[in-house]
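Visitor: I'll drop the sequence and a predicted model, then ask my questions.
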Amino acid sequence: MAKDPIVIIGGGRATASLIDAYRDAGGDALITIISDDEYPPYNRPPLSKAVLRGEMEGLEALVHEHETYDDLAVELRLATTVESVDPKHCVVRTGSGEEIAYGTLVIASGTRPRLLAVEGADLPAVHTFRTLSDAVAVAKEAGEARKALVVGGSFIGAEVAASLRMRGLEVTIVEMGDRLVPALASQELSDQVAELYREHGVEIALGEQIEEFRANGLMLTGARTASGRTIEAFLAVVGVGVVPNVEFLDGSGLELSDGITVDDRFHSSAPDVFAIGDVARFDDAVAGRPRRIEHWGNADSQGAHLGRNLAGGRKPYREVSAFFTKMFDVQLQLLGDTDGVDEVVLRGSIGDRNLVALYLREETLIAAAVVGQAADMIEELRSLVGERPALSDRSRLANSSVRPAAVFAH
């Protein structure tokens with residue numbers, strides 16, 4: 001049971017899910033959210049899709065209206081930074097020097113985008129893409145720009161590039177690696193994604209790095225790559241990874257390791273201090289290793305789980321991690337952990353909008369990716385990935401007419 005009051009650092013999806021689940025489970029402690037964002041919690045998936053394409057107003061991405069937090073007895077402290085945390089005295093110190101006492105502290109401070117340390121990276125038309133403010137700014141500028149440059153071919157870069165292209169801009173993706181969306185852990189799948197983008201007129205430059213952004217005064221005109229190539233662009237979005245927000249925890253005594261180390265109930269190394277969402281490195285019982293996951297679905301699930309536990313539950317967290325992305329008309333969902341995969345068997349293809357990809361490590365199913373599959377197939381795969389079954393019938397592994405459950409021992 002949570003001690004009163006509950007203070008939450010961070011205002012993302014994990015925070016919103018925690019509050020809803022906690023109140024639904026009967027939790028009645030006072031709650032304060034301290035967030036450096038100017039907006040209350042919002043959903044990030046629409047930012048790179050509907051908001052960027054102009055199909056949704058930015059405020060439609062909010063999880064709740066401001067007034068709902070009053071109804072939930074939650075105090076919002078927005079546009080407020082945290083300077084430090086003192087677990088010994090159960091105090092959070094803000095950037096203005098204010099001290100806020102807690103009985104239970106939840107850290108959901110998330111991540112921030114990595115910056116490019118190159119000339120011109122601070123130009124007004126060069127953006128990172130993380131917050132609602134970022135999405136609104138890029139969406140507005142996309143209405144004037146004819147050509148856009150996306151730096152980074154990860155999921156966020158791919159989503160942004162697709163949305164900008166759908167708005168009619170000429171788009172170039174520059175990726176320093178040898179493939180798009182490397183998190184797919186499959187060269188063949190990455191090649192299929194690249195083909196999808198080329199079919200839609202997106203130019204892709206792999207194995208390239210940006211050396212500088214060029215401008216006429218403060219107006220972006222393009223960029224130069226390490227190979228000497230010049231790319232014309234009037235809008236640039238940089239998506240080259242993120243960094244967990246943990247600097248304010250220096251000196252707190254909390255165990256940090258690429259995030260905040262927590263157990264399978266999200267408890268940190270300090271009493272009554274928990275961490276969830278993008279910033280938490282948790283014991284993933286399904287994957288069998290500590291992980292820090294930067295996906296909306298993970299934040300949503302972890303927040304809800306901890307909310308129920310703080311209201312009186314005691315269950316450990318055991319969920320199959322799930323991530324979805326939409327690139328043009330292709331919605332792809334990835335289930336499980338692809339770390340250490342040594343074989344990926346494809347049934348169908350992205351191009352056909354009909355795909356089941358089975359990820360194996362030492363003849364054991366550890367993950368799956370799907371496009372265009374019915375709900376029962378997705379749930380079957382989710383269950384299998386949670387069980388991590390061994391392969392029992394290799395002869396039918398790639399046969400799309402055979403259900404995946406029929407080729408694994410479980």
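Guide: Perfect, thanks for sending it.
Visitor: The stretch 101-250 of the chain: helices as residue ranges?
Guide: Secondary structure of the stretch 101-250 of the chain (DSSP state H, counting those that start in this stretch): helices at 132-142, 155-166, 187-199.
Visitor: swap in the stretch 251-400 of the chain?
Guide: 296-310, 375-387.
Visitor: Name the stretch among those that sits most buried.
Guide: helix 296-310 (a mean of 24; mean count of other CB atoms under 10 Å). Every C-beta, even on glycine, is put in place using the N, C-alpha and C of the backbone.
Visitor: list the helices and strands that one packs on?
Guide: Judged by 3 or more CB pairs under 8 Å, 6 or more residues apart in numbering; DSSP states H and E, the packing partners of helix 296-310 are helix 13-24, strand 104-107, strand 322-327.
Visitor: Need the winner for burial among the helices of the stretch 101-250 of the chain.
Guide: Comparing the helices of the stretch 101-250 of the chain by mean count of other CB under 10 Å gives helix 155-166 as most buried, with a mean of 25.
Visitor: S257 against R281, yeah?
Guide: Yes: contact status for S257 versus R281: in contact at 5.8 Å, counting by CB atoms under 8 Å.
Visitor: Now for these two: what residues contact both?
Guide: Common neighbours of S257 and R281, counting by CB atoms under 8 Å, 6 or more residues apart in numbering, are P290.
Visitor: Spatially central residue in this structure, please.
Guide: H295 (3.0 Å; CA atoms, centre = their mean).
Visitor: ok so, going back, as CSV, the helices of the stretch 251-400 of the chain with mean pLDDT and distance to S268 would be great.
Guide: Below are the helices of the stretch 251-400 of the chain laid out as CSV (pLDDT from 0 to 100; distance: least, CB to CB, whole Å):
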stretch, mean pLDDT, distance to S268
helix 296-310, 97, 12
helix 375-387, 97, 26
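Visitor: As CSV, those helices with distance to I31 would be great.
Guide: Listed next are those as CSV, based on distance: least, CB to CB, whole Å:
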stretch, distance to I31
helix 296-310, 10
helix 375-387, 32
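Visitor: so which of the ones you listed comes closest to A405?
Guide: helix 375-387 (5.7 Å; CB to CB).
Visitor: ok, residues contacting the closest one?
Guide: With CB under 8 Å, 6+ apart, helix 375-387 has contacts from 286, 318, 320, 322, 333, 335-336, 356, 365-368, 370, 403-405, 408, 410.
Visitor: so how far is it from its chain's centroid?
Guide: In this view, helix 375-387 has its centroid 22 Å away from the chain centroid, taken as CA atoms, centre = their mean, to the nearest Å.
Visitor: If I take that helix and strand 322-327, what angle do their directions form?
Guide: Relative orientation of helix 375-387 versus strand 322-327 (axes from the mean of the first three to the mean of the last three CA atoms, to 10 degrees): 130 degrees.
Visitor: Surely H267 is in contact with F274?
Guide: Yes: using CB under 8 Å, H267 is in contact with F274, at 5.7 Å.
Visitor: still on that earlier bit, so which of the helices of the stretch 251-400 of the chain comes closest to A50?
Guide: Comparing these by CB to CB, helix 296-310 comes nearest, at 13.9 Å.
Visitor: can you list the residues that contact that closest one?
Guide: For helix 296-310, using CB under 8 Å, 6+ apart, the contacting residues are 1-2, 6, 12-25, 27, 29, 43-45, 104, 106, 108, 265-266, 274, 276-278, 280, 282, 315, 317, 319, 321-324.
Visitor: just to revisit the earlier point, who has more neighbours out of S257 and R281?
Guide: Counted by other CB atoms under 10 Å, S257 and R281 do not tie: R281 has more neighbours, with 19 against 11.
Visitor: Give me the pLDDT value at the closest residue to T131 other than its chain neighbours.
Guide: Spatial nearest neighbour of T131, chain neighbours left out: D37 (6.3 Å); criterion: CB to CB, 6 or more residues apart in numbering. pLDDT for D37: 97.
Visitor: swap in A2?
Guide: Confidence for A2, expressed as pLDDT, is 83.
Visitor: Give me the nearest residue to it, chain neighbours excluded.
Guide: Per CB to CB, 6+ apart, closest to A2 is L310, 3.9 Å.
Visitor: got it, and D263?
Guide: Per CB to CB, 6+ apart, closest to D263 is D283, 5.6 Å.
Visitor: Contact partners for that neighbour?
Guide: V262, D263, D264, P290.
Visitor: Report how many residues lie close to the third one.
Guide: Spelled out, it's D264. Other residues near D264 number 14, with proximity taken as other CB under 10 Å.
Visitor: Equivalent analysis for the first one, please.
Guide: By other CB under 10 Å, 27 other residues sit near V262.
Visitor: Regarding stretch 262-278, how distant is the last residue from the first?
Guide: 12 Å (CA to CA, to the nearest Å).
Visitor: For G120, which non-adjacent residue is spatially closest?
Guide: F213 (3.0 Å).
Visitor: how close does that neighbour sit to R165?
Guide: Look at F213 and R165: by CB to CB, to the nearest Å, they are 20 Å apart.
Visitor: R13 now?
Guide: 27 Å.
Visitor: out of the contacts of helix 375-387, which are buried?
Guide: 286, 320, 322, 333, 335-336, 356, 365-368, 370, 404, 408 (16 or more other CB atoms under 10 Å).
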